[in-house]
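In: sequence and predicted structure, then a few things I'm wondering about:
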Amino acid sequence: MNEKVNVGLVGAGRWGPNVIGAINRLGHGQVAKVADPSHQALQRLADRFPSISTSESAEHLIEDSDIDAIAVCTPVETHTSLVRAALLAGKHVFVEKPFGQDYEECSKLCKLAKERRLQIVVGHVFLFNESILHLKDIIQSGDLGEILHLEAHRSNLGPVRKDVNAVWDLTSHDLSIFDFLLGQFPNEVSCLGSCQLDSKNEDTAYTTFKYKNGILAHAQASWLHPLKVRKITVIGSKKMALWDDLNLEHPVTIYDSSIGLEQAYYSDSFASHRLSYNRGDVLMPNIATNEPLLEELRHFLDVVGGAKNDRSSGEYGSELVRTLQAADRSLEKNGTFVPVER
């Protein structure tokens, strides 16, 4: 492989140009060629990146011997077919989240990549957000105590997607964060949704994930909301933490707050126990901001070069697809908890 990784990108739509810009800013990678069936999209891209070669054929790009890796930034239903073609052509792959629509298909692609000694990195960008990494350090330090519950809110007025519902679009972000923070995958999922714009796709959803040790993680997602919200609350037995992605100055706030039973108070029944409320200091740690997309693609190039282990591997992305499929089954059963079959 060349010292500089030559990347071919499939998909010149809304997100593709961001990926191109990030890769080209990194010293050890460059986007050499872009494919998209839309001539208009390619023309807009050529105006912005005049040095990049363009093609309306993804097949020709993938088969190009000068290309070392393929970045897939296309609708979800096309992901696995493009990843398979890239792997068969001997290319490493970066694919935007979610990895695909079916766990078994994603798992087979991971096996194919392993057989051919190729890498798959899935674009779960929040795993590269410095404030999320800091929050995980806080949890692992034990400062919050035992983790009891997590709650996420992710909403905005659009953008509305036609290829997936709000769970696969928005809650997939929070699911990746939940799994990363807890270091495990959920065992059961409950999901309720509302289809106000499109009878086939839920634009608002309320999803609850059950993890071992009784931990519940709840995520609210909506394309129908007047305000952009990106928040996660972590409830610990000792302290609580709030992550607010839109608070650029202090994205993480730690509250020395908790509720417990006052052991010194005598009672002959649980119902009459006196609760003790602790409201202590509020800490806003200094966290250096970063560009998560840039760090994600730096990680991809490092993984391709063998310098780092894959933090957002195809296997990790496959497990999230398995959980999202369980959420869809729960939607069909009006929110009944369904197992994530592993």
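Out: Great, that's in hand. Bear in mind that the values here come from a model prediction, so they are computed numbers and not experimental data.

In: these two touch, right, Ala217 and Pro186?
Out: Yes: counting by C-beta atoms under 8 Å, Pro186 is a contact partner of Ala217 at 7.2 Å. Glycine gets a C-beta too; all of them are placed from N, C-alpha and C.

In: what's the overlap in contacts for those two?
Out: Common neighbours of Ala217 and Pro186, using C-beta atoms under 8 Å, 6 or more residues apart in numbering, are Phe178, Phe209, Tyr211.

In: ok, the residues you listed vs Val167, which is closest?
Out: Distance to Val167, by C-beta to C-beta, is smallest for Phe209 among the shared contacts of Ala217 and Pro186, at 11.3 Å.

In: and the closest one, helix, strand or coil?
Out: What DSSP: H, G, I helix; E, B strand; the rest coil gives for Phe209 is strand.

In: tell me how far it lies from Lys136.
Out: 17 Å (C-beta to C-beta, to the nearest Å).

In: ok, the two, which is more surrounded?
Out: Phe209 (28 against 16; other C-beta atoms under 10 Å).

In: give the contact list for that one.
Out: So Phe209 contacts Leu175, Phe178, Pro186, Glu188, Val189, Leu216, Ala217, His218, Ala219, Thr323 (C-beta under 8 Å, 6+ apart).

In: now Asn24
Out: Taking C-beta under 8 Å, 6+ apart, we find Asn24 in contact with Gln30, Val31, Phe49.

In: a markdown table please, covering these and showing pLDDT and secondary structure.
Out: Formatted as a markdown table, those follow (pLDDT from 0 to 100; DSSP: H, G, I helix; E, B strand; the rest coil):
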| residue | pLDDT | secondary structure |
| --- | --- | --- |
| Gln30 | 96 | strand |
| Val31 | 97 | strand |
| Phe49 | 94 | coil |
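
In: quick check, nearest of those residues to Lys239?
Out: Distance ranking of those against Lys239, using C-beta to C-beta, places Val31 first at 43.9 Å.

In: distance of the closest one relative to Arg84?
Out: Val31 is 21 Å from Arg84, by C-beta to C-beta.

In: neighbour-wise, which of the two wins?
Out: With neighbours defined as other C-beta under 10 Å, Val31 and Arg84 compare such that Val31 has more, 26 against 17.

In: for that one, name its beta-bridge partners.
Out: Val7 (DSSP bridges).

In: what residues does it make contact with?
Out: Counting by C-beta under 8 Å, 6+ apart, Val31 touches Val7, Gly8, Leu9, Val19, Ile20, Ile23, Asn24, Phe49, Ile52, Ala71.

In: which of these fall in helices?
Out: Counted as lying in helices by DSSP state H, out of the contacts of Val31, are Val19, Ile20, Ile23, Asn24.

In: how about the nearest residue to the second one, chain neighbours excluded?
Out: Leaving aside its sequence neighbours, Ile20 sits nearest to Val31 (C-beta to C-beta, 6 or more residues apart in numbering; 4.6 Å).

In: now do His39
Out: Glu56 (6.6 Å).

In: residues contacting the one you found?
Out: Ala35, Asp36, Pro37, Ser38, His39, Leu42.

In: pull the most distant pair out of those.
Out: Pairwise distances among these were taken by C-beta to C-beta; the largest, 11.7 Å, belongs to Ala35 and His39.

In: ok, the two, which is more surrounded?
Out: For Ala35 versus His39, neighbours defined as other C-beta under 10 Å are more numerous around Ala35 (25 against 10).

In: from Lys97, how far out is Ala32?
Out: 24 Å.

In: more neighbours: those two, which one.
Out: Lys97 (23 against 19).

In: quick check: that one touching Gly314?
Out: No: the criterion here is C-beta under 8 Å, and Lys97 misses it with Gly314 at 11.5 Å.

In: could you tell me which residues touch both of these two?
Out: Common contact partners of Lys97 and Gly314 (C-beta under 8 Å, 6+ apart): Val122.

In: list the strands paired with the helix or strand bottoming out on mean pLDDT in the chain, with their directions.
Out: Ranked by mean pLDDT, DSSP states H and E, the helix or strand of the chain with the weakest confidence is strand 275-283, at a mean of 81. Strand pairing for strand 275-283, using DSSP bridges, gives strand 252-261 (antiparallel).

In: which positions within stretch 40-53 qualify as buried?
Out: Buried residues in stretch 40-53, counted by 16 or more other C-beta atoms under 10 Å: Ala41, Leu42, Leu45, Phe49, Ile52.

In: check which helix or strand the first one maps to.
Out: In other words, Ala41. Using DSSP states H and E, Ala41 falls within helix 39-48.

In: in TSV, list the contacts of Phe209 along with neighbour count.
Out: As requested, the contacts of Phe209 are arranged in TSV below (neighbours: other C-beta atoms under 10 Å):
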residue	neighbour count
Leu175	28
Phe178	25
Pro186	26
Glu188	17
Val189	26
Leu216	16
Ala217	24
His218	17
Ala219	27
Thr323	27
